[in-house]
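>>> Take this sequence and fold it.
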Amino acid sequence: MADILIRGGCVVSLDLAVGDLPLGDVLIENGKIIEVGPNLEAGDALIIDASNTIVLPGFVDTHRHIWQAAMRSITADWSLMDYFRGIRMRAAPAFRAEDMYAAQLAGGLEALDAGVTTVVDYCHNLLTPDHASESIRGLLDAGLRAVWCFGFNSPPGMASELESAEEKAKLARQMAATHFTSKDALLTFGIAPEEPGLTTPEHCEFQYRTARELDARITQHVNCLRLGNDPEEVAKLLGPRQLLGPDVLLVHMGYTTDDEWTMVADAGAAVSFTPETELQMGMGIPPTGIVRRFGITPTYGADIVSNNSGDMFFPLRLALQVERGVANVGTVEGGTMPEGVTVSCREMLEWGTLGGAKAAGLDHRIGSLTPGKQADIVLIRTDGIGFAGWNERDPVASVLLQANAGNVDTVLVGGEIVKRSGKLCADVEAARELLAEATAHVAREAEAQGGFHVPGQGLDI
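Numbering: from 1, shown residues only. Down below sits the predicted model:
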């Protein structure tokens, strides 16, 4: 691995000790950041000219179903009930193992192209052992850093030998032993227990125990369905069974009581919000301001790329403005106009990088341009027309409110250059062809059953 010097960029380190540099360099050796500062010595390092760019840590997406890259925009006008019936019950069984590979490969490259260097991948369409292995291989070939989370869900069409929780746990152990032997690798292992409302308390506890037996990160959809009374899944299930802990990442959480937030905070668990999906599908308003009151760091994800874009610019921007809007409504209803804002752009960028890294259990390795950490770095171009006249005094605001995936010039993961001069280094055309074939196959299978959209009432699954 070549040593690299990123030279002459506007550096946003998100490390308090390093700070921001209007003009600075980042020196990388053996995949790690060695030094950040002005006028660094390069030696024989490869030089990346960072002039007219903002240099910052890679984005960390704490909740994405990468496998859904084969079904873009299918859910664009759907509710959550539509999603369950159409994706989870009809489309998911149509995936072959090779379709999982294609979606994971293309979906991983999609993330990297947008400057997302790490994803917590909630992979819950593992119909056979081959589906699991191929989904992992797709991420490896993409070069994305990810916490690959083995989903305990039971989609229709799952192999009969995986129908029991015990057999799924056996496969999880097999995947861990085969593919995840080092905590220092790009891919680390996680487990995604079934939604509490779709399984028994005993099975939920079994899945948590399996995860901890394997030292796996745990992530779970929680408190996102309003079926009758408040779900109170934390209060009724996770809290009393003492399942919460600092190794847990809870997703959505739109219908959560103050008592439950106290339990989450006391346990040191992390949370992830996906504002695009949550606002569309009736899963509640992302409670950014609420979790801050309880001392919990909010993090964010793109969620389903069958609905949303694969970047982090828009989810972070949307979450920022939704939270500001919620706070403003309370102020205006009290008879005054707001003075200032309740959430800053810097806070939101930190939550989309270092905060996300902490939620993924990786903040000791990534999330900031800190000497000693892995070189997961993104360069945002500032010389295009969309950045003309950009506010050089506040690069953070420019990244969060002005940038988009098209501005991402260069991306490094662990010191490896995966995108350079606006182009991915991978064989994008081959990945596109594989995904096109997978998409066509899944669509044919769904159409044979009457199409993706399944009319119905309620959660009839």
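>>> C-alpha from now on. contacts and neighbour counts both.
Will do.
>>> could you dump stretch 152-162 to PDB, C-alpha only?
Written as PDB, here are the backbone C-alpha positions of stretch 152-162 (Å, rounded to 0.1, in the frame of the first residue of the first chain):
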ATOM      1  CA  PHE A 152     -32.900 -13.200  11.500                       C
ATOM      2  CA  ASN A 153     -36.000 -12.400   9.500                       C
ATOM      3  CA  SER A 154     -37.900 -15.100   7.800                       C
ATOM      4  CA  PRO A 155     -38.900 -14.000   4.200                       C
ATOM      5  CA  PRO A 156     -41.200 -16.300   2.200                       C
ATOM      6  CA  GLY A 157     -39.100 -18.700   0.200                       C
ATOM      7  CA  MET A 158     -36.500 -19.200   2.900                       C
ATOM      8  CA  ALA A 159     -34.800 -22.600   2.700                       C
ATOM      9  CA  SER A 160     -36.600 -25.100   4.900                       C
ATOM     10  CA  GLU A 161     -33.400 -25.900   6.800                       C
ATOM     11  CA  LEU A 162     -33.300 -22.200   8.000                       C
END
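>>> Now the spatially most central residue of the chain: which helix or strand?
Here the mean C-alpha position of the chain is nearest to the C-alpha of Asp61 (C-alpha atoms, centre = their mean), at a distance of 2.4 Å. Remark: Asp61 resides in strand 59-65, with elements defined by DSSP states H and E.
>>> Toward the C-terminus, what is the element adjacent to that strand?
Next along the chain from strand 59-65, counting by DSSP H and E, comes helix 80-83.
>>> Using PDB, list the CA coordinates for that next one.
Output for helix 80-83, consisting of C-alpha atoms alone and laid out as PDB, is shown next (Å, rounded to 0.1, in the frame of the first residue of the first chain):
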ATOM      1  CA  LEU A  80     -45.000   1.100   5.300                       C
ATOM      2  CA  MET A  81     -47.800  -1.400   4.900                       C
ATOM      3  CA  ASP A  82     -47.200  -1.400   1.100                       C
ATOM      4  CA  TYR A  83     -43.500  -1.900   1.800                       C
END
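>>> Now the following helix or strand past it: average pLDDT?
Once helix 80-83 ends, the next helix or strand along the chain (criterion: DSSP H and E) is helix 97-113. Helix 97-113 carries an average pLDDT of 98.
>>> what helices or strands is helix 97-113 leaning on?
Judged by 3 or more C-alpha pairs under 8 Å, 6 or more residues apart in numbering; DSSP states H and E, helix 97-113 is in contact with helix 129-142, strand 408-413, strand 416-420, strand 423-424, helix 428-448.
>>> got the angle for it vs strand 59-65?
Here helix 97-113 runs at an angle of 150 degrees relative to strand 59-65 (axes from the mean of the first three to the mean of the last three C-alpha atoms, to 10 degrees).
>>> List the pairing partners of the strand holding Asp61 within its sheet, with orientation.
strand 116-123 (parallel), strand 303-304 (parallel) (DSSP bridges).
>>> returning to that earlier point: and of the helices and strands packed on helix 97-113, who's closest to Val26?
Judged by C-alpha to C-alpha, the one of these that comes nearest to Val26 is strand 408-413, at 12.0 Å.
>>> can you list contacts of that closest one?
Judged by C-alpha atoms under 8 Å, 6 or more residues apart in numbering, the contacts made with strand 408-413 from elsewhere in the structure are 58, 112-115, 117, 143-145, 374-381, 417-423.
>>> so for that strand, what's the average pLDDT?
Strand 408-413 shows an average pLDDT of 98 in the prediction.
>>> quick revisit: and the strands paired with strand 59-65, which is most packed in?
Each of the strands paired with strand 59-65 was scored by mean neighbour count; the highest is strand 116-123, a mean of 29, by mean count of other C-alpha atoms under 10 Å.
>>> Which helix or strand contains His221?
Per DSSP H and E, His221 falls inside strand 217-222.
>>> burial count for Glu433?
Counted with other C-alpha atoms under 10 Å, the neighbours of Glu433 add up to 13.
>>> my bad, Met1
9.
>>> swap in Asp427?
As a burial measure, Asp427 scores 10 neighbours (other C-alpha under 10 Å).
>>> Let me see the confidence value for it.
The score at Asp427 is 98. That number is its pLDDT.
>>> Using a markdown table, lay out the strands paired with strand 59-65 together with mean pLDDT.
A markdown table is the format used below for those (pLDDT from 0 to 100):
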| stretch | mean pLDDT |
| --- | --- |
| strand 116-123 | 98 |
| strand 303-304 | 98 |
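>>> Please tell me how far the closest residue to Thr410 other than its chain neighbours sits from Leu412.
Distances taken as C-alpha to C-alpha, 6 or more residues apart in numbering place Arg420 nearest to Thr410, at 4.5 Å, with adjacent residues excluded. Distance of Arg420 to Leu412, given as C-alpha to C-alpha, to the nearest Å: 9 Å.
>>> for the protein, what spans make up the helices?
Taking DSSP state H to define them, one finds helices in the chain at 80-83, 97-113, 129-142, 165-179, 201-213, 233, 258-267, 275-280, 288-293, 313-333, 345-350, 356-359, 395-402, 428-448.
>>> which stretch among those helices comes nearest Met71?
With C-alpha to C-alpha as the yardstick, what comes closest out of the helices of the chain is helix 428-448 (6.3 Å).
>>> chain center to the closest one, what's the gap?
When distances are taken as C-alpha atoms, centre = their mean, to the nearest Å, helix 428-448 is centred 23 Å away from the chain's centroid.
>>> which residues touch the closest residue to Gly24 other than its chain neighbours?
Spatial nearest neighbour of Gly24, excluding adjacent residues (C-alpha to C-alpha, 6+ apart): Pro38 at 4.3 Å. Residues near Pro38 by C-alpha under 8 Å, 6+ apart: Gly8, Leu21, Leu23, Gly24, Asp25.
>>> For the last one, which non-adjacent residue is spatially closest?
Right, Asp25. In space, Asp25 comes closest to Arg7 once its chain neighbours are excluded; the distance is 4.5 Å by C-alpha to C-alpha, 6+ apart.
>>> how about the contacts of Pro38, which pair is most distant?
Using C-alpha to C-alpha, these reach their maximum pairwise distance at Gly8 and Leu21, which is 9.6 Å.
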